[in-house]
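Asker: Predicted model follows, preceded by the sequence.
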Amino acid sequence: MNRPPEDFVLVDEERLLNFSTACFEKAGITHEHAALISR
């Protein structure tokens, strides 16, 4: 059975989505496409 690790870091979903979207945009992807594939 899959079990979460004993030690972990909680990450705010909105911050993670914003970060990944920004990374894709810096790579030259449009904002709309970056937001879509970040999900």
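Answerer: Thanks, I have the structure now.
Asker: Check what pLDDT the nearest residue to S38 once chain neighbours are set aside gets.
Answerer: Sequence neighbours aside, S20 is the residue nearest to S38 in space, at 4.1 Å (criterion: C-beta to C-beta, 6 or more residues apart in numbering). To be clear about C-beta, it is placed using only N, CA and C from the backbone, and glycine gets the same treatment. With respect to pLDDT, S20 scores 98.
Asker: now M1
Answerer: 81.
Asker: and it, what does it touch?
Answerer: If you count contacts by C-beta atoms under 8 Å, 6 or more residues apart in numbering, M1 has none.
Asker: And the residue nearest to S38, which helix or strand is it part of?
Answerer: helix 13-26 (DSSP states H and E).
Asker: Please point out which parts of that helix sit buried.
Answerer: Residues of helix 13-26 classed as buried by neighbour count (16 or more other C-beta atoms under 10 Å): 21, 24.
Asker: cool, and stretch 23-39?
Answerer: Buried, per 16+ other C-beta under 10 Å, within stretch 23-39: 24, 29, 34-35, 38.
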